[in-house]
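return atomic coordinates for the entry below.
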Amino acid sequence: MNAGDELEPLTIPITRTLIVAGAIASRDYQDVHHDAELARAKGSPDIFMNILTTNGLVGRYITDRLGPTAVLRKVAIRLGAPNYPGDTMTLTGTVTEVDGATVQVKVVGANGIGHHVTGTVTVTVTAEAAR
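All right, here's what the predicted structure looks like:
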């Protein structure tokens, strides 16, 4: 693995079930993540994904791509365009640094209206995972 390497993209359909299940699993009971009527009353066109679900999907993306021995050390993300039901988010990653077993990856998750998430993930991998 070398700086500049691109990770294979991951495409995730954004469904109501994914949004609501992610909010429930992370104990985020904000109505904008499960009640479309109340979300609209607050100015949103629909419910939208919470940051904890996005964080989990970013972590899944990295560990799926770098293998079972990959260990997340730091996830630093920023949200942008909301993930609404019916859209698709495509996660992409570029290796920015490799220092021994430590790898840093720039991650972008884009949907139909822009970048939903951008950030950097630091992970340690064994020699087997880096092949």
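
just confirm Gly93 contacts Gly109, I think it does.
No: counting by CB atoms under 8 Å, Gly93 does not reach Gly109; the two are 9.7 Å apart. C-beta here means a position set from N, CA and C on the backbone, and glycine is covered the same way.

neighbour-wise, which of the two wins?
Neighbour tally, Gly93 and Gly109, criterion other CB atoms under 10 Å: the higher count belongs to Gly109, 26 against 23.

check contacts around that one.
Thr54, Leu57, Val58, Met89, Thr90, Leu91, Thr92, His115, His116, Val117, Thr118 (CB atoms under 8 Å, 6 or more residues apart in numbering).

for those residues, which one is nearest Pro13?
Met89 (8.4 Å; CB to CB).

can you show me the helices along the chain?
16-25, 36-41, 51-66 (DSSP state H).

now the last one: how far from the chain's centre is it?
Averaging C-alpha coordinates over helix 51-66 and over its chain gives two centres that are 5 Å apart (CA atoms, centre = their mean, to the nearest Å).
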